[in-house]
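Asks: Sequence and predicted model, in that order:
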Amino acid sequence: MVPDSSTAKIPCADEMNVSALIPRLSQGDFPLIRFKRFLSHNKQPLWQGGGTVFSLDIMIEKISEHARIEPDRVRQLISEKQDELSGLVSEEGAAYIVAREMGLNMIREGRKQLKVKNIVPGLRSVDLVARVARVFEERQFEKDGKKGCVINVLLGDETGMLRLSLWNDETSIIKEGKVKEGDTVKVSGGWAKSDNRDNPELKIGRGTIEKVDQVVELPDRAQLEQDFQTLKRADIMDFKEGGQYETRAALVQVFRRNPFFGICPECDSRIKESNGKWICDEHGEVKPKQALVLSGIIDDGTGNIRVVFFRELAERIFGKKTDELKELADNATDSMSIFDSVQGLGREFTLRGRVKRNSFTESLEFMANDMDDVDARSEAQELLKQLA
């Protein structure tokens, strides 16, 4: 037996809002009587959530043009729709329903301009206004007989910095001198991915990038470098999310997990396996190259934190190259036996990197970008300066 929709449970305002119900109503999969009861029960305004609506006059004009009927006829239809809904919707709401029934969407999707700190891997339709802090040298490559190029650009605002990678034709804005270091640019409709150190990286894709000529309140290049590129020595106990630090600590533990992951041989980006094929977001199907990642725990006496080493840094901790480790793992009875002789375990290092929050564990972790063996003499001199 089909249940009587008029006696079905009324959704509460926390479950859905009116602007989400109207499309369902006009498509016929949400009963009119339930919609009326919903409005009476929740007493919430018609327009909630994302997007903005056109004014009533503009809506009438657009419906008139779309349906090729006179504006007065549109007003009549709107009035009839209000009567049908017992006066529980405004004229604008009734106009929206009339438009949807005619196949016309009257909600404009709003997009919010982001700050650098808000950009995370996987985000799409990214709009950002930022300062060009640095333009790196062009890197050329060849794939399947076709030549390509990439230029990396460092962008920054008062909340942080991130890398923008420009590929092939996108690089013309740099090559032709339309954008240079110190300029303000606007990225519209970009998307973010993880770079080879698990940091967010911005790409243009189907979006656009342009120079902004009007005055925008942004830190200058020198301020950006001082705030976000100059690393300060800090104790682990003082680490804050988003901060970039230099610290002296010992690697006291390593986690025995598969240290290998596939990367694109062209752009060195992480790639994903799909139906037995390895896919790069930028270059499509590729033959994977192996890269290395190693995680563990560092301790400086004031506290400890999970640390992640990528690629060359992971090779230095293992004391072996990636290809050599992969061969040992493939030929061993237990592939995790490659962790039996990690050369960096128990040693002290001077580490530089960024603190982020692990999205799975919700705990802080240190993403190492650079490392040196501890120089006892320079450490002693630094200590004497602090005591002076």
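Replies: Ah, there it is.

Asks: Output the below-cut-off pLDDT ranges for the stretch 151-300 of the chain.
Replies: 196-198, 228-230 (pLDDT under 70).

Asks: Contacts only, for the closest residue to R134 other than its chain neighbours.
Replies: Distances taken as C-beta to C-beta, 6 or more residues apart in numbering place L154 nearest to R134, at 4.1 Å, with adjacent residues excluded. Using the backbone N, CA and C atoms, a C-beta is placed for each residue, glycine as well. If you count contacts by C-beta atoms under 8 Å, 6 or more residues apart in numbering, L154 has them with V132, A133, R134, V135, F136, M161, L162, R163, L164.

Asks: helix/strand/coil for the last one?
Replies: Following DSSP: H, G, I helix; E, B strand; the rest coil, we place L164 in the strand state.

Asks: how close does it sit to T361?
Replies: Using C-beta to C-beta, to the nearest Å, L164 is found at 29 Å from T361.

Asks: same check, this time on the fifth one
Replies: Taken as C-beta to C-beta, the spacing of F136 relative to T361 amounts to 33 Å.

Asks: do N258 as well
Replies: Relative to T361, and taking C-beta to C-beta, N258 is found at 18 Å.

Asks: go on, M336?
Replies: M336 is 21 Å from T361, by C-beta to C-beta.

Asks: likewise R75?
Replies: 58 Å.

Asks: got it, and Y245?
Replies: 20 Å.

Asks: quick one: which of these two has more around it?
Replies: A direct count of neighbours by other C-beta atoms under 10 Å for Y245 and T361 places Y245 higher, at 19 against 9.

Asks: Please list all residues in contact with D370.
Replies: L313, L351, R352, G353.

Asks: before we move on, which element is it in?
Replies: Using DSSP states H and E, D370 sits in strand 364-373.

Asks: quick one: that strand to chain centroid distance?
Replies: 22 Å (C-alpha atoms, centre = their mean, to the nearest Å).

Asks: mind checking the SS state of K326?
Replies: helix.

Asks: I'd like to know how many residues surround the nearest residue to A332 once chain neighbours are set aside.
Replies: Spatially, and ignoring its direct neighbours in sequence, A332 is nearest to I338 (7.1 Å; C-beta to C-beta, 6+ apart). For I338, the count of nearby residues is 20 (other C-beta under 10 Å).

Asks: One more: Q244?
Replies: 19.

Asks: element containing the closest residue to it other than its chain neighbours?
Replies: If the residues on either side of it in the chain are set aside, Q244 comes closest to R354, at 5.0 Å by C-beta to C-beta, 6+ apart. Using DSSP H and E, R354 maps to strand 348-357.

Asks: Give me the contacts around that strand.
Replies: Here strand 348-357 makes contact (C-beta under 8 Å, 6+ apart) with 198-199, 231, 239-251, 298, 305, 307, 363-375.

Asks: Pull up the pairing partners for that strand, direction included.
Replies: strand 244-254 (antiparallel), strand 364-373 (antiparallel) (DSSP bridges).

Asks: in the longest one, what's buried?
Replies: Of the residues in strand 244-254, Q244, Y245, E246, T247, R248, A249, A250, L251, V254 count as buried by neighbour count, 16 or more other C-beta atoms under 10 Å.

Asks: CA atoms only for it - export them in CSV, please.
Replies: Presented in CSV, the C-alpha positions along strand 244-254 are these (Å, rounded to 0.1, in the frame of the first residue of the first chain):
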residue,chain,number,x,y,z
GLN,A,244,56.3,27.0,10.0
TYR,A,245,59.1,26.3,12.3
GLU,A,246,62.7,25.1,12.7
THR,A,247,63.3,22.8,15.6
ARG,A,248,66.0,20.5,16.9
ALA,A,249,64.6,17.1,17.8
ALA,A,250,65.4,13.4,17.8
LEU,A,251,63.6,10.8,15.7
VAL,A,252,62.5,8.4,18.4
GLN,A,253,60.0,6.1,16.5
VAL,A,254,59.1,5.2,12.9
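
Asks: Now the element after it, going C-ward?
Replies: strand 260-263.

Asks: So which residues make contact with that following strand?
Replies: 196, 269-271, 273, 278, 288-293, 322, 325-326, 329.

Asks: Among those residues, name the ones in helices.
Replies: T322, L325, K326, A329 (DSSP state H).

Asks: In those residues, which residue is surrounded by the most others?
Replies: L325 (21 neighbours).

Asks: pLDDT score assigned to that residue?
Replies: With respect to pLDDT, L325 scores 94.

Asks: Looks like it contacts F318 (just checking).
Replies: Yes. With contact defined as C-beta atoms under 8 Å, L325 counts as touching F318 (6.1 Å).
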